[in-house]
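[1] I'll drop the sequence and a predicted model, then ask my questions.
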Amino acid sequence: MKNRTSLLAVLLVCGCASVPPGGDATSGKTADSETGQRARAFTDLASAYYMRGQYKVALDELRKAITAENRYGPAYNVYGLIYMELAEDRLAEDNFRRAIELDRNDSEARNNLGWFLCTRGRYDEGLEQFAAALRNPLYPYPERAMANAGLCAEKKGDLALAEANLQKSLKLQPDNANTLLKLAGLRFRQGQLTDAQRLLARHAELAPPTAESLWLGVRVERRLGDRSQEAVYGQQLRKRFPDSDEARRLLAGQYE
């Protein structure tokens, strides 16, 4: 449940793996047919159940969608998201790729496949998918793929590429709190502490604190030598998120 919660928190603000919005990424002929409309309705239901963590019910709805129209790409995209959450890696990848096979311009499926590959350590393959998503001039959410490419590059250890992509994402969506937080974390890794502090302050203006933001605040202020502000962040972390990994690391003194 913790992994799903963290994924959805990123999904809603930043993108990462993302539910297809109403089946935009399918051919007009399929979408407009009677069977296509039924497939879309079932897929929308499956997406809603997925967001609530009701995977079995979501899978049932997807089976209905595919029975109605087996070439409805967004259904395979949601299949991929569910199997990704269930750690069924082969099924997740196969379904994301099936969605892309049905529509090469399905940038949401490419975004999701890219994130899947990055979380499995296949960074270069993931970055290729984000780049392909961004080559689609009609993709309505390029900031998602840009932000995800930044996070993927950081996982790979390419901090310069990570910064470039996060900055591009923020240029398109400057008030995206989660992207600001990710950039603040990157600045911390780069040793740019005052900039990390500034980005954290901006994040606090836009969104409630998270375990991640408070833990980053603890470590930034600790390095800056502000023990008073460090204690404020630490107290909030223990109070708001006592069962989080970040709180456990704080109590254990594991600051790095």
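    Cool, the structure landed.

[2] mind listing what's buried in the lengthiest helix in the chain?
    Criterion DSSP state H: the longest helix present in the chain is helix 34-51. By 16 or more other CB atoms under 10 Å, the buried positions in helix 34-51 come out as 36-40, 42-47, 49-50. Every C-beta, even on glycine, is put in place using the N, C-alpha and C of the backbone.

[3] do stretch 247-255 as well
    Buried residues in stretch 247-255 (16+ other CB under 10 Å): Ala247, Arg249, Leu250.

[4] any low-confidence regions in this protein?
    Residue ranges of the chain with pLDDT under 70: 1-32.

[5] kindly report the domain assignment for it.
    1-134, 208-256 (automatic domain parsing).

[6] can you list the ones you listed in a markdown table and add distance to Asn148?
    Putting the domains of the chain into a markdown table (distance: least, CB to CB, whole Å) gives the following:
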| stretch | distance to Asn148 |
| --- | --- |
| domain 1-134 | 5 |
| domain 208-256 | 16 |
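
[7] can you tell me which of those is most buried?
    domain 1-134 (a mean of 20; mean count of other CB atoms under 10 Å).

[8] circling back: between the domains of the chain, which one is nearest to Thr194?
    Smallest distance to Thr194 across the domains of the chain (CB to CB): 7.7 Å, for domain 208-256.

[9] show me how far that closest one is from its chain's centre.
    23 Å (CA atoms, centre = their mean, to the nearest Å).

[10] and for stretch 110-117?
    The answer for stretch 110-117 is 9 Å, by CA atoms, centre = their mean.

[11] residues in contact with Ile66?
    When the contact criterion is CB atoms under 8 Å, 6 or more residues apart in numbering, the partners of Ile66 are Ala39, Tyr72, Ala75, Tyr76.

[12] Gln167: which of the residues you listed is nearest?
    Tyr76 (32.7 Å).

[13] does that closest one touch Glu108 like I think?
    No. Using CB atoms under 8 Å, Tyr76 is not in contact with Glu108, being 11.4 Å away.

[14] for Ala149, see how far away the closest residue to Tyr123 other than its chain neighbours is.
    In space, and not counting its chain neighbours, Tyr123 is closest to Lys156: 3.9 Å by CB to CB, 6 or more residues apart in numbering. As judged by CB to CB, to the nearest Å, Lys156 and Ala149 stand 10 Å apart.
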